[in-house]
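Asker: Kindly generate the corresponding structure for this input.
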Amino acid sequence: MPICMPLRPYSTVEGVNQWVRTAPVTIAVITRDRPRQLDALLVRLAALYGDQSGVGLVVVDNDPGASAKPVVECRRDAFAGHVRYDVEPHPGYSTARNHAVRLVETDFFAFIDDDEIPDAGWLEALLRVQESYAADVVAGPVWVSLPEDAAAVITRSGVFEAHIGPRQKVTGERMDWCATGNTLVRRAIFEKVGGFDVRFDRAGGEDCHFFLRATLEGFTIVWCPGAVTREEAPPERLRPEWHISRARHVGRIQTMLDVELRWSARNVVARVAKFGYQVARGTSLIVVGAARGDAAMGLRGRCALALALGMADAAVAALRRWAFPSR
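Answerer: Predicted coordinates for the structure are as follows:
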């Protein structure tokens, strides 16, 4: 458990009092067994927004042992806004996020992961873009910091860039879905769409599923490249196998979304074309990488093939459900 040290201002915090909104907003954090990371996040949020009475904080602890409670109690007085802490004993991404939504009382709230640290002006940027584009959801990038001794196959491959967000999108550009790690959300969406699907409690992907449902119901999601959060890569994410496994999971989730939520002949053709493209791309990268002795290129190719394999996994599962509906 971290020692409850006095708060000290971040030297990089500038202009934090240039607020852009008078309506209250809530920052929602889901946490489980990461007191050190949570404490660092709360210290940062207190430095940025602790003096803003209109900025509330909700922390849902997904640990039945309430390991995050001492951290939240330690930092509670650093926030002028309302702070709520509660335990969700049932483990799961969707269940914990749904619990957080139930605790939110403001029209908008911002999800941020417990291992992220926001840049100065993070929340202001999200709110400014929401107001400018009358958006229901605003998503920002999550930048990953790698240790200096990270393997070259990881640093040169660019595999982390695939998880940051669509950096090529300009401010206000619309998206079909987004992740929840750095997202401003209109609470009213949940009243029409419902909550995060608990089928994804263990596997993840609940955020893409939820936000695509929101898009299909007419809600708008836009991109905000200026609302940056940062996280340190844990040791397991410095192994090529982790990225290959994640690519397969992404392919599976993306295909499942098309099958379940927007089935059409056009999307089937597009998905088949994308499958063929990823197979061709992955194969060529692996072959060329082997010829050049470039392990980073080979890793990009393996991730592309894993993405295609995940797409095939979801397609086969859908065909089985269609052929054997009673099973």
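
Asker: wait, doesn't Arg230 sit right on Ala120?
Answerer: No. Checked against C-beta atoms under 8 Å, the pair Arg230 and Ala120 is beyond contact range at 11.7 Å. The way it works is simple: take the backbone N, C-alpha and C, and place the C-beta from them, glycine included.

Asker: Just the CA coordinates for stretch 141-161, please, in CSV.
Answerer: The C-alpha trace of stretch 141-161 is given here as CSV (Å, rounded to 0.1, in the frame of the first residue of the first chain):
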residue,chain,number,x,y,z
PRO,A,141,-5.2,8.7,-27.5
VAL,A,142,-3.3,6.6,-24.9
TRP,A,143,0.4,6.9,-25.4
VAL,A,144,2.6,4.0,-24.1
SER,A,145,6.0,4.7,-22.5
LEU,A,146,8.5,1.9,-23.0
PRO,A,147,11.5,1.3,-20.8
GLU,A,148,15.0,2.1,-22.2
ASP,A,149,16.0,-1.5,-22.2
ALA,A,150,12.9,-2.7,-24.2
ALA,A,151,13.8,-5.2,-26.9
ALA,A,152,14.5,-3.7,-30.4
VAL,A,153,11.9,-6.1,-31.9
ILE,A,154,9.3,-4.3,-29.8
THR,A,155,10.5,-0.7,-30.2
ARG,A,156,11.1,-0.9,-33.9
SER,A,157,8.0,-2.9,-34.9
GLY,A,158,5.5,-0.2,-34.0
VAL,A,159,3.1,-2.7,-32.4
PHE,A,160,2.2,-0.4,-29.6
GLU,A,161,1.0,2.2,-32.1
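
Asker: I'd like the mean pLDDT over that stretch, please.
Answerer: Averaging pLDDT along stretch 141-161 gives 90.

Asker: What residues sit buried inside it?
Answerer: Under the neighbour-count criterion of 16 or more other C-beta atoms under 10 Å, stretch 141-161 has Pro141, Val142, Trp143, Val144, Ala151, Val153, Ile154, Ser157, Val159, Phe160 buried.

Asker: mind listing the strands for the protein?
Answerer: Secondary structure of the chain by DSSP state E: the strands cover 25-31, 55-61, 83-87, 108-112, 116-118, 137-139, 142-145, 174-175, 182-186, 221-223, 229-232.

Asker: For Ala290, find the nearest of the ones you listed.
Answerer: strand 142-145 (27.1 Å; C-beta to C-beta).

Asker: Show me what the closest one is packed against.
Answerer: Applying 3 or more C-beta pairs under 8 Å, 6 or more residues apart in numbering; DSSP states H and E, we find strand 142-145 packed against helix 161-164, strand 229-232.

Asker: so how far is that strand from its chain's centroid?
Answerer: Centre-to-centre, strand 142-145 and its host chain are 11 Å apart (C-alpha atoms, centre = their mean, to the nearest Å).

Asker: And for stretch 238-258?
Answerer: Worked out by C-alpha atoms, centre = their mean, stretch 238-258 lies 14 Å from the chain centre.

Asker: so where's the stretch 201-327 of the chain uncertain?
Answerer: For the stretch 201-327 of the chain, the stretches flagged by pLDDT under 70 are 326-327.

Asker: Now do the helices in it.
Answerer: Counting by DSSP state H, counting those that start in this stretch, one finds helices in the stretch 201-327 of the chain at the ranges 206-216, 240-261, 265-292, 295-323.

Asker: Can you point out the buried residues in the second one?
Answerer: Spelled out, it's helix 240-261. 240, 242-244, 246-259, 261.

Asker: Next: the first one.
Answerer: Judged by neighbour count (16+ other C-beta under 10 Å), helix 206-216 contains these buried residues: Glu206, Asp207, Cys208, His209, Phe210, Phe211, Leu212, Arg213, Ala214, Thr215.
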